[in-house]
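Enquirer: Okay, predicted coordinates and the sequence, questions at the end:
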Protein chains: 2
Amino acid sequence: MTHTEEITLAKEIELSTEEKILHSARKVFTKKGLSGARMQDIADEAGINKALLHYYFRSKEKLFEKIFEEASTKMFAKLTEFIDSKELSLFEKIEKMVENQIAMSMENPFLPAFVINEFHQNAEGSICQTIGRKMSVSHKLIEHIQEAVNQGLIRPINPIQLFINIMSLSMFPFVSKPILQINMNVTEEQFALLMEQRKKDVADFVIRAIKL
Amino acid sequence: MTHTEEITLAKEIELSTEEKILHSARKVFTKKGLSGARMQDIADEAGINKALLHYYFRSKEKLFEKIFEEASTKMFAKLTEFIDSKELSLFEKIEKMVENQIAMSMENPFLPAFVINEFHQNAEGSICQTIGRKMSVSHKLIEHIQEAVNQGLIRPINPIQLFINIMSLSMFPFVSKPILQINMNVTEEQFALLMEQRKKDVADFVIRAIKL
DNA sequence: GTCTATAGCGAGATAGAC
DNA sequence: GTCTATCTCGCTATAGAC
């Protein structure tokens, strides 16, 4: 086995340094936020030295921006697909949106709270502005809802309110998870089960609320 | 006018130093969080010197705990009243809960996101544990919902899910406000109007979803 | 009680050897 | 590319004058 082959093999098993850093940064930033995270935490988590972080990504801010933009995108990526779909009926869209946002949150437990919180603390900052502009997700859905109202398929409702309702019901449980858990004495397993049930329950709840 | 009267008068107009500090700390902590806030920011906001903060409240942590506990309590104070009420019907309770949580969030725009975020970053910490224990809000409501199901007043539904739904619909819009505003191009005034409408809309939405 | 000055430490960032 | 050592600065906290 040549030296080059060894390296190639190692890369398949072990991640490249840059990828290790990104993994660790994702973990630390999403848990502690920009101001709460320490470069040392990220280096430790990656099993490397602080200086390497600066070698790959000039500064803490730059590394954060990368993670934050990636996180914001991931949070709404599939949502956009469903909303833009031409084939799905309104009710099907709602079902897909709910199911997908809950599944995404279960796979990435810290992601929604992270993105929301950083937007809060940095709403006027340039990072949020640029990212925000890429995320105009809702327009197509608002139109679709308005059509359904006009055609008498659902009861009259403000489309914006309905959109907010769908997002709220899908995402708030994850954002407020620690409070819910303490308040209602719920274990991790019980919480996961509740959220699994919500994939159907929420869509059902919404459709009951808007049908004639 | 004697010297003492002057001071008394001054106190009526201008707050005591301790109160000024608490006001500023509330403002800064709720906006930036524990790790994002600087003692200097709080001192500047209060128009006093950094050293005075330590004179009145030994440390940043101690000052934060005071603000955080106060915020957590305020966030759920009235909710508990309505939930425990013997006179209100289930539907009335839902209406009161929604209206009150939305009103509270409109008056204290940063409060929900602040409390939620600090719980996230400190869920196992001692502060959250002690505060969490004081907040077991939901039990009475869960029972009330279960009764309503048993008596056939509403359709069968998991009471915990319904509780989560009510809280989600009331609070998520405020937690995710910056994202919603960027995403949907909504001004402050439009947002306030939407939330004002939600006081009725959400209760209506929930009741439609659970009635037979 | 309120201020100025400063101690002391921790975190981001860089220099330079290997 | 990766490390150790170090610089620099900003922040919490304290000392001490008034």
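Expert: It's in.

Enquirer: Look at the residue nearest to residue A:103 when sequence neighbours are not counted and give its secondary structure.
Expert: With sequence-adjacent residues excluded and distances taken as Cβ to Cβ, 6 or more residues apart in numbering or on different chains, residue A:103 is closest to residue A:199, at 7.1 Å. Yep, even glycine has a C-beta here, placed from its N, CA and C like the rest. Three-state call for residue A:199 (DSSP: H, G, I helix; E, B strand; the rest coil): helix.

Enquirer: State the distance from residue A:199 to residue B:32.
Expert: 35 Å (Cβ to Cβ, to the nearest Å).

Enquirer: Check residue A:148 too.
Expert: Separation of residue A:148 from residue B:32 (Cβ to Cβ): 42 Å.

Enquirer: need the contact list for the residue nearest to the spatial centre of chain A.
Expert: Per Cα atoms, centre = their mean, the C-alpha nearest to the average position across chain A is that of residue A:75, at 2.7 Å. Shown here is residue A:75, whose contacts under the criterion Cβ atoms under 8 Å, 6 or more residues apart in numbering or on different chains are A:104, A:111, A:112, A:115.

Enquirer: Generate CSV for these, with pLDDT as supplementary columns.
Expert: CSV is the format used below for those (pLDDT from 0 to 100):
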residue, pLDDT
A:104, 98
A:111, 98
A:112, 98
A:115, 97
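
Enquirer: Closest one to residue B:94 out of those residues, please.
Expert: Residue B:94 lies nearest to residue A:112 out of the contacts of residue A:75, by Cβ to Cβ, at 25.1 Å.

Enquirer: can you tell me which of the contacts of residue A:75 are up against chain B?
Expert: Contacts with chain B within the contacts of residue A:75, counted by Cβ under 8 Å from any Cβ of the partner chain: residue A:115.

Enquirer: Could you dump the contacts of residue A:75 into CSV with neighbour count and secondary structure added?
Expert: Shown next, in CSV, are the contacts of residue A:75 (neighbours: other Cβ atoms under 10 Å in any protein chain shown; DSSP: H, G, I helix; E, B strand; the rest coil):
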residue, neighbour count, secondary structure
A:104, 20, helix
A:111, 19, helix
A:112, 24, helix
A:115, 24, helix
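
Enquirer: Nearest to chain B among the contacts of residue A:75?
Expert: Chain B lies nearest to residue A:115 out of the contacts of residue A:75, by Cβ to the nearest Cβ, at 7.5 Å.

Enquirer: quick one: low-confidence ranges for chain A?
Expert: Applying pLDDT under 70 to chain A picks out residues A:1-13.

Enquirer: Got the domain ranges for it?
Expert: What automatic domain parsing lists as the domains of chain A is A:1-57, A:73-210.

Enquirer: Wait, residue A:172 touches residue B:166, no?
Expert: No. Contact criterion Cβ atoms under 8 Å: residue A:172 and residue B:166 do not qualify, at 10.4 Å.

Enquirer: A helix includes residue A:113, no?
Expert: Yes. Assigned with three-state DSSP, residue A:113 falls within a helix.

Enquirer: what about it, neighbour count?
Expert: By the measure other Cβ atoms under 10 Å in any protein chain shown, the count of residues near residue A:113 is 26.

Enquirer: in what helix or strand does residue A:52 lie?
Expert: helix A:50-56 (DSSP states H and E).

Enquirer: list the buried ones in whatever helix or strand comes next after that helix?
Expert: Where DSSP H and E defines the elements, the next helix or strand beyond helix A:50-56 is helix A:60-84. For helix A:60-84, burial by neighbour count (16 or more other Cβ atoms under 10 Å in any protein chain shown) applies to A:60, A:63-68, A:71-72, A:75-76, A:78-80, A:82-83.

Enquirer: in chain A, which spans are helices?
Expert: Applying DSSP state H to chain A gives helices spanning A:3-13, A:17-36, A:39-46, A:50-56, A:60-84, A:90-107, A:111-122, A:126-133, A:139-150, A:159-175, A:177-184, A:188-210.

Enquirer: want to try a markdown table for those, with distance to residue B:49 as columns?
Expert: Output for those, formatted as a markdown table (distance: least, Cβ to Cβ, whole Å):
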| stretch | distance to residue B:49 |
| --- | --- |
| helix A:3-13 | 56 |
| helix A:17-36 | 24 |
| helix A:39-46 | 31 |
| helix A:50-56 | 34 |
| helix A:60-84 | 30 |
| helix A:90-107 | 45 |
| helix A:111-122 | 26 |
| helix A:126-133 | 33 |
| helix A:139-150 | 51 |
| helix A:159-175 | 38 |
| helix A:177-184 | 36 |
| helix A:188-210 | 46 |
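
Enquirer: quick one, which of these is nearest to residue B:189?
Expert: Closest of those to residue B:189 is helix A:159-175, at 14.3 Å (criterion: Cβ to Cβ).

Enquirer: what's the offset of that closest one from the middle of its chain?
Expert: Here the centre of helix A:159-175 is set off from its chain's centre by 13 Å, with Cα atoms, centre = their mean, to the nearest Å.

Enquirer: Looking at the buried residues of helix A:60-84, spot the one nearest DNA strand C.
Expert: The shortest approach to DNA strand C among the buried residues of helix A:60-84 belongs to residue A:60, at 3.6 Å (Cβ to the nearest atom of the strand).

Enquirer: Burial check on the residue lying closest to the closest one once chain neighbours are set aside, number of neighbours?
Expert: In this structure, residue A:60 finds its nearest non-sequential neighbour in residue A:39, 5.7 Å apart by Cβ to Cβ, 6+ apart. Close neighbours of residue A:39, defined as other Cβ under 10 Å, add up to 16.
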